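*Asks:* Sequence and predicted model, in that order:
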Amino acid sequence: MIKTKYFPIVVLLPIVCWYALFFIWPLINSIRIGFYEWNILDPSGSPFVGLSNYRELFRDDVFITSLINTLKFVFFRIIIGIPLGLAVALLILNLKLRNLYLGVIFSPYTCSVSAISILFIWLFQPTFGLINFLLKWIGLPPQGFLSASNQAIYVITAVDIWQSLGYTVVLYIAGLMEIPTEFLEAAQLDGANSWLIFRRITLPLLSNVTLFILVTTMIGAFQIFDRVAVMTSGGPGTSSYVLSYFIYRYAIFHMRLSYACAAAIIMFLIILIISIFQIRIFRRSWEY
Amino acid sequence: MFRKGFISLVICLLLLVSFLSTAFSQEKVTLTLWCHVLILHKEGFEAVAQEFYKTHPNIEIKVEPQSDIATKWKAAIAARRAPDMFTPRAEDMLEAVLTKSIEPLPEDVLSVKDLKSKFWPEYYLQAPFDKAYAVGIPDPPGDAGLVVNVDLLKKAGLPIPAQFKSMTELLRYAQKLTKKDDKGNLIQAGLSCREYNNQVFLWDFIGEQGGHFYNNETGLFDYSIPEAKKALQFFYDLHYKYGVDSIKLPDTYNALSQGVAAMGFMWGEYVEFAKRVYPNMNFSFVLKPSFVEGRMPIFSHVDTWNLAVWSGSPHKKEAFEFMKFLATPKAQEIFMKINPGMPPLIELSKPRYFADPKQKYLAAFLKFLPKMTFWGPFGNDSIIKDTLYRIMDGVEHNTMSIDEGLSEMTKKSNEALNTFRTKYPDAPKPVIKYPY
């Protein structure tokens, strides 16, 4: 019979062990490996190189490109994806067939990232694709899209925003339905217009939902890999490389595990700093 | 009394028979063999394994094709869970040998004397220690030439030669096969040039002009030479001067299979592979010309496929038996019938083995076999080749100029060499025998 005072420890122990094994230990090991020129085939023959990998990273233009592309991707995912999700949620909130619309909007989110990516490769094909056909039809010049080095990362971002719109809309719908209608009615009685109600009541009361979406979107966006791997393989050249893809190429394809670990640690630190900043800035406690 | 004695005798005889059958019966061993995910490799190994089984019924070979095999076998070795045998490519052989990941073959399996006298040079040049480490399989070099769409060439009224005589002839074909829409956009490439082996074509084109992009004395790459600029300029001009390819069309592999490229620099086994995967398409193969008219073209089999034994395999003895059989002309011929290609064995490189319709398109290559060059092994060859490919892709997409591209090639290639030599300070440096 487990004594009451030990019960929490016993119950928490498995998850703590799991966390330590699959998160803490790999993190510590990655930090360690980053200081060596690690040889996966012969670990005993791995020379210690100190900060050499980190110095090399910041001199590597492919890493810099990856970092900038990742920051661009995260920025646009947040700046466009979240407001768009809120706008769509507000649009369908009071519609009769809300659940049907929600189902349609959410369905791309349930599809495989690879399948959607392959579909969009065909849609964005510069010579035969539907998107350029429509552009030509309305009199606009056709674009290179995935074959243009200055457009590829933005196309990938657009596809990602489209596919994950449903996730944001569902969460915002849930958040909006939690807002007591009395607040909105009282504001209307006091003469507030829609914009004022939205700015002073709806938006603040959605802050917790917004914070959740912001943090999860940011973390997910930093980890973008599969869409880049399928749509462009980091090309043309290395113009659509992102951090996760860079780490994959160097760790798995080039077998430079220590170099990839150093890049992964930098990515981890960036995500950590931004997450802490977001939580501090956007944390609110509102009570109904 | 007699009955008791008879029964005892029978029991003794039965015991003796069961003991003898146990003593002489051999335990069955199953060997795992990882090969590249190409169907032709899988079927080739299976056919050889089937033949081997007839004389070695106690050794079963399980062929397991793997996508991304270069990564998988390394990860498997790191986890000490590698298969008994696997196919490292030429670019990984040196590292596999230096880290003792693969077992040297005993002299009775494949002696160094036999390796050097019976096999083409590229197989022993890959691992420059005086030992045999792997057995090659039939495979055409990735820089041999171009896959052509037979129907598109016929439509254009162009005959299909065994080899293009010159770059002028190649470009003439390419321009005739190019199609544009009414707005001048390319809708059919006359010559698609975006394939992963393009960096080897680049090396060949530099070498054919007499350029030495790797300095044997310094052990470093140098792409600042004029021959390198001319070679890279050619790939760029295919898009922007001759207009026979476009970055807006798919890459060579996809362009050929989608019928939007009439010709493409592509590995030769694509022809046989396409028969299975794209049965409605009709492809053939044409050898490439030399970059310099009148000179013999350079061919370099830097992308050989080899079978090696994992040094940690618990069934090395049985694996060596299979390797010994694979190195024989009989096994190589079985493989070649399924996966047409240049045989590693000199003995099989005779016209009669290329009379079969499957192999015929490679017959023209036979005369070049004795004169092949081998670029490498440099160490970190896979990183060097990947880097070169991406830089060439970048130049073709105008993300950098040709001079910037060449400068990047020099810098990144030498960085890769430096990383390799930091890990393996005792690694031998290659000595490239430039034909010109």
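*Replies:* Alright, I've got the coordinates.

*Asks:* And the pLDDT for whatever residue of the stretch 51-200 of chain B ends up closest to chain A?
*Replies:* Closest residue of the stretch 51-200 of chain B to chain A, C-beta to the nearest C-beta: B:Thr99 (3.8 Å). Every residue, glycine included, has its C-beta placed from N, CA and C. pLDDT recorded at B:Thr99 is 91.

*Asks:* For the closest residue to chain A within the stretch 201-350 of chain B, give me phi and psi.
*Replies:* With C-beta to the nearest C-beta as the measure, B:Lys248 is the residue of the stretch 201-350 of chain B nearest to chain A, at 3.7 Å. Dihedral angles of B:Lys248 (phi, psi; degrees, to the nearest 10) stand at phi -80, psi -10.

*Asks:* before we move on, what about B:Ser290?
*Replies:* phi -80, psi 150.

*Asks:* and the residue of the stretch 101-250 of chain A found nearest chain B, helix, strand or coil?
*Replies:* The nearest approach of the stretch 101-250 of chain A to chain B comes at A:Gly237, 2.8 Å away (C-beta to the nearest C-beta). Three-state secondary structure (criterion: DSSP: H, G, I helix; E, B strand; the rest coil) places A:Gly237 in coil.

*Asks:* Check B:Glu27 too.
*Replies:* At B:Glu27, secondary structure determined by three-state DSSP is coil.

*Asks:* ok so, going back, can you count the residues close to the residue of the stretch 201-350 of chain B closest to chain A?
*Replies:* Neighbours of B:Lys248 under the rule other C-beta atoms under 10 Å in any protein chain shown: 23.

*Asks:* so who does it touch?
*Replies:* A:Pro126, A:Thr127, A:Gly144, A:Ser147, B:Asn185, B:Leu186 (C-beta atoms under 8 Å, 6 or more residues apart in numbering or on different chains).

*Asks:* try B:Tyr124
*Replies:* B:Val112, B:Leu115, B:Lys116, B:Ala132.

*Asks:* could you list every residue that touches the third one?
*Replies:* Spelled out, that is B:Lys116. Counting by C-beta under 8 Å, 6+ apart, B:Lys116 makes contact with B:Tyr124.

*Asks:* Relative to B:Tyr123, how far out is it?
*Replies:* 9 Å (C-beta to C-beta, to the nearest Å).

*Asks:* Ignoring the adjacent residues along the chain, who's closest to A:Tyr167?
*Replies:* A:Tyr109 (5.2 Å; C-beta to C-beta, 6 or more residues apart in numbering or on different chains).

*Asks:* give the contact list for A:Leu243.
*Replies:* Residues near A:Leu243 by C-beta under 8 Å, 6+ apart: A:Ser66, A:Leu67, A:Thr70, A:Phe222, A:Ala263, A:Met267.

*Asks:* In JSON lines: those, plus distance to B:Ser313, neighbour count and pLDDT.
*Replies:* JSON lines is the format used below for the contacts of A:Leu243 (distance: C-beta to C-beta, whole Å; neighbours: other C-beta atoms under 10 Å in any protein chain shown; pLDDT from 0 to 100):
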{"residue": "A:Ser66", "distance to B:Ser313": "38", "neighbour count": "26", "pLDDT": "97"}
{"residue": "A:Leu67", "distance to B:Ser313": "42", "neighbour count": "21", "pLDDT": "96"}
{"residue": "A:Thr70", "distance to B:Ser313": "42", "neighbour count": "24", "pLDDT": "97"}
{"residue": "A:Phe222", "distance to B:Ser313": "41", "neighbour count": "21", "pLDDT": "94"}
{"residue": "A:Ala263", "distance to B:Ser313": "34", "neighbour count": "26", "pLDDT": "96"}
{"residue": "A:Met267", "distance to B:Ser313": "38", "neighbour count": "20", "pLDDT": "94"}
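
*Asks:* To what extent is the nearest residue to A:Ala152 once chain neighbours are set aside buried, counted in neighbours?
*Replies:* Excluding its sequence neighbours, the residue lying closest to A:Ala152 (C-beta to C-beta, 6+ apart) is A:Ser240, at 4.1 Å. By the criterion of other C-beta under 10 Å, A:Ser240 has 26 neighbours.

*Asks:* Spell out the secondary structure type for A:Ser240.
*Replies:* Assignment for A:Ser240 (three-state DSSP): coil.

*Asks:* For chain B, which residues are neighbours of chain A?
*Replies:* Within chain B, the positions near chain A by C-beta under 8 Å from any C-beta of the partner chain are B:68, B:70-71, B:74-75, B:77-78, B:95-96, B:99-101, B:185-187, B:246-250, B:260, B:380, B:382-383, B:386, B:390-391, B:393-400, B:419, B:422-424.

*Asks:* coming back round to it: kindly indicate which of the contacts of B:Lys248 lies nearest B:Leu171.
*Replies:* Nearest to B:Leu171, judged by C-beta to C-beta, of the contacts of B:Lys248 is B:Leu186 at 15.3 Å.
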